[in-house]
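Participant: Return atomic coordinates for the entry below.
(chains A, B, C and D)
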2 protein chains.
Amino acid sequence: MATMRDVAVEASVSVATVSACVSGRRFVSPELKARVERAIADLGYQPDGIARSLRTGTTDLIGLVIPDITNPFFTEFVRDVELLAKADGYATILADSNYEVATEARMLGLLRQQRVDGIILCPAGERADYNFAAWPQELPMVIVDNAWTDTPFDTITLDNVTAGADITRHILGLGHREIAMVAGPRGNHTSDQRLTGFVRAMAEAGVPPRLDFIRHGDFREAGGYAQGMALLDLPQRPSAIFVANNNMLIGVMRAIHDRGLQAPDDISVASIDDFPWAGAFRPGLTTARQPVRLFAQHALRLIRQRCVEQTLSPREQIMLKPDLIIRESVRRR
Amino acid sequence: MATMRDVAVEASVSVATVSACVSGRRFVSPELKARVERAIADLGYQPDGIARSLRTGTTDLIGLVIPDITNPFFTEFVRDVELLAKADGYATILADSNYEVATEARMLGLLRQQRVDGIILCPAGERADYNFAAWPQELPMVIVDNAWTDTPFDTITLDNVTAGADITRHILGLGHREIAMVAGPRGNHTSDQRLTGFVRAMAEAGVPPRLDFIRHGDFREAGGYAQGMALLDLPQRPSAIFVANNNMLIGVMRAIHDRGLQAPDDISVASIDDFPWAGAFRPGLTTARQPVRLFAQHALRLIRQRCVEQTLSPREQIMLKPDLIIRESVRRR
DNA sequence: ATCGATTAGCTAATCGTTTCGCTGGAGTTC
DNA sequence: GAACTCCAGCGAAACGATTAGCTAATCGAT
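Facilitator: Reported below is the predicted structural model:
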């Protein structure tokens, strides 16, 4: 590989001048510039990003840590982040924590070592698991999606209470009273909020939810399947199921299928998180869609801001509203 | 941030000794080791990966370039690559080319600048668009999925002809004769191969395919929808449609839905590429599944191999068989 | 005692950039 | 024409690790 020194020799100038040409930060006379550019082309020179990073202290890399890229919400989020980052001249290091807090911690450490310019974290677990007192304050991090309120970091979340309440009100509005919920893991912040929304909307309607209609899954398909099965096998099964996320929804749909039932004829279904083909199959699924693109935009804006700003502005806690997308999976009762 | 020098001062040893402790490559007496470790803990020191990389010439980073992360095949592939890479101590830089050859080229250049240890490329376009003569031979690259045969690189692909033929034979075997195909873009290698398999199987069965039953989409949902619509609106519509990939399948399903038809009652459907919830909806979709995990394993094995090996072993061209997954979307005729 | 082998730990060079601060010639002002 | 200011271009010092090569201490063998 040709280095800047090689180019300098070839063009009979100093390395400083080559650097000036490449970066364009200093004026170089047209004559020398032409010589340097020729030499660069002749040698096929490409600047070494590592050396540059060492000197400048900036890598143009951002770290993106998510719990499960297979979940369409995160797939979409990764796509949007990568797209916008690229447009800003950043590359993205992707790390999938597989919902394991230990893995997540390892990856955060690794990103720190790689000297990324900023980190976007969609946490796998709960507050108690983290020790952010020791976090280097020159490394901006923004927490997206599953954020608790008392971190020192910027956060971006869905208004999960509203999302849960909106879906529940929609189901209630179509005449259902026997409504079950497949929530996420007990103690998970996001799950708790969505459950709160459900309970609140039910209370408003004067329909206290039955305890055995509230079940906790794992935010993955298997959990949805298991909890869906449990609900369907109840002596008196619900007339509608509200599922707390997309993957568990898939599991619930499979359970309904396996019990020889049809949605929405035999049982109605709705969930939080939209996905690209939620409308492509029968039944088209009614969902509360998260504004994923906005999540990505805010996250990158915050990182850029924190990277350049001198005086620390107060942290932002952004909470965005869901969009209710009504398709066919909840039927009037 | 504390540097190695700070640690050295704190522990009253030389930087060389600190380095020896951290890397474990040299023996250090227990006494000094303890002092160094104390200092590291006290200062919260973390080694600087950038500086290390500059010196050692290795970044423990691999680049992964794909055309569309939203496509479940690539989502799964990204997940597998990242998972296996992580286990090997590599981090993954993700780049989505959005099926644009120019973007892809930009990202390849960027990865080169970042001095990644290896690149896994799922090409967006065709051979003609690339100039790999100038590729630095110390940077291993393996081409996955949409690979042409005359590159200097290792390649890993599905046996696309077999996949196309398998699906077609399955449809033929259930009594269909009026079979249409929604292929990918004209001139795309993968698409051409799948089409070849289709034509070959039809010819074997003595059923020459009708020309207006062969249509070219864009490997994305919109194209599938458009071509599906065109097929459904034909005066004599086919009894079965073979779709060349998953995303176009979604589009075709939507077209069938929008025309008030049902699969497989009114029309049968099958495709290449499985996806996680292909079986979760009605109808469960019959597909030829690509062995994604194997793709990832081979790709990483090849990169590791090329990174350490002294003498250049001949390039490998790996071609793997699909798994036919029969569900309900093709009905006996 | 002396020599050589062994070894823990240190000094300093190195990786390839960026950038501070200097130099020397050209242009401007009296 | 002396005294100034400019400014293009250069030399050399960072950045923070790794590591080759050296030093000095220890030990055993002669």
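Participant: so A:A240 touches A:A263, yeah?
Facilitator: No - here A:A240 lies out of contact with A:A263, judged by CB atoms under 8 Å, at a distance of 9.6 Å. (Glycine included, C-beta is placed from N, CA and C.)
Participant: Now the common contact residues for these two.
Facilitator: By the contact definition CB atoms under 8 Å, 6 or more residues apart in numbering or on different chains, A:A240 and A:A263 are jointly contacted by A:V269.
Participant: more crowded one of these two?
Facilitator: The residue with the greater number of neighbours, taking A:A240 and A:A263 and applying other CB atoms under 10 Å in any protein chain shown, is A:A240; the counts read 28 against 24.
Participant: burial measure for the residue in chain A that DNA strand C sits nearest to, as a count.
Facilitator: Taking CB to the nearest atom of the strand as the measure, the point where chain A comes nearest DNA strand C is A:M4, at 2.8 Å. Under the neighbour criterion other CB under 10 Å, A:M4 is assigned a count of 20.
Participant: next one: A:F281
Facilitator: Close neighbours of A:F281, defined as other CB under 10 Å, add up to 20.
Participant: List the contacts of it.
Facilitator: With contacts defined as CB under 8 Å, 6+ apart, A:F281 is in contact with B:253, B:281-282.
Participant: Kindly report the same for A:N188.
Facilitator: For A:N188, the contact set (CB under 8 Å, 6+ apart) comprises A:125-126, A:146, A:219.
Participant: What is the most widely separated pair among those?
Facilitator: With distance counted by CB to CB, no two of these lie farther apart than A:E126 and A:F219, which are 13.2 Å apart.
Participant: what about those two, which has more around it?
Facilitator: A:F219 (25 against 14).
Participant: Would you confirm that that one belongs to a helix?
Facilitator: No - A:F219: not assigned to a helix; according to DSSP: H, G, I helix; E, B strand; the rest coil it is coil.
Participant: Name the nearest residue to A:I171, ignoring sequence neighbours.
Facilitator: Taking CB to CB, 6 or more residues apart in numbering or on different chains as the measure, A:I171 lies nearest to A:A240, with 4.9 Å between them; neighbours along the chain are not counted.
Participant: phi, psi of the one you found?
Facilitator: With angles defined as degrees, to the nearest 10, A:A240 shows backbone torsions of phi -150, psi 150.
Participant: who's it bridged to?
Facilitator: When bridges are assigned using DSSP bridges, the partners listed for A:A240 are A:I179, A:S268.
Participant: which residues touch it?
Facilitator: Contact partners of A:A240, counting by CB under 8 Å, 6+ apart, are A:171, A:176, A:178-180, A:267-270, A:330, A:333.
Participant: tell me the pLDDT at it?
Facilitator: On pLDDT, A:A240 comes in at 97.
Participant: since we're on the closest residue to chain B within the stretch 101-250 of chain A, how many residues are nearby?
Facilitator: Relative to chain B, the nearest point of the stretch 101-250 of chain A is A:Q113 (4.2 Å; CB to the nearest CB). For A:Q113, the count of nearby residues is 16 (other CB under 10 Å).
Participant: contacting residues around the nearest residue to it once chain neighbours are set aside?
Facilitator: Distances taken as CB to CB, 6+ apart place B:G49 nearest to A:Q113, at 4.2 Å, with adjacent residues excluded. Taking CB under 8 Å, 6+ apart, we find B:G49 in contact with A:113-115, B:59-60.
Participant: how does it look with 10 Å?
Facilitator: B:G49 makes contacts with A:50, A:53, A:59, A:110-116, B:59-61, B:91, as judged by CB atoms under 10 Å, 6 or more residues apart in numbering or on different chains.
Participant: and what of A:L300?
Facilitator: With contacts defined as CB under 10 Å, 6+ apart, A:L300 is in contact with A:62, A:80-81, A:83-85, A:87-88, A:90, A:118, A:120, A:142.
Participant: Would you check how far apart it and B:A134 are?
Facilitator: 33 Å (CB to CB, to the nearest Å).
Participant: go on, A:S14?
Facilitator: When CB to CB is applied, the distance between A:S14 and B:A134 equals 27 Å.
Participant: okay, the two: which has more neighbours?
Facilitator: Counted by other CB under 10 Å, A:S14 and B:A134 do not tie: A:S14 has more neighbours, with 14 against 6.
Participant: so the more buried one sits right up against A:C21, yeah?
Facilitator: No - when contacts are counted by CB atoms under 10 Å, A:S14 is not listed as touching A:C21 (11.0 Å).
Participant: which residues are common contacts for these two?
Facilitator: Once CB under 10 Å, 6+ apart is applied, the residues that A:S14 and A:C21 both contact turn out to be A:4, A:32.
Participant: For DNA strand D, see how far away the residue of chain A closest to DNA strand C is.
Facilitator: Distance from A:M4 to DNA strand D, counting by CB to the nearest atom of the strand, to the nearest Å: 10 Å.
Participant: ditto for A:A165
Facilitator: Here the distance between A:A165 and DNA strand D works out to 50 Å (CB to the nearest atom of the strand).
Participant: quick one: pLDDT of that residue?
Facilitator: Looking at A:A165, its pLDDT reads 97.
Participant: since we're on it, how many residues are nearby?
Facilitator: The number of residues near A:A165, taken as other CB under 10 Å, comes to 21.
Participant: Please determine how far A:G44 is located from chain B.
Facilitator: 6 Å (CB to the nearest CB, to the nearest Å).
Participant: Nice, that's everything, thank you.
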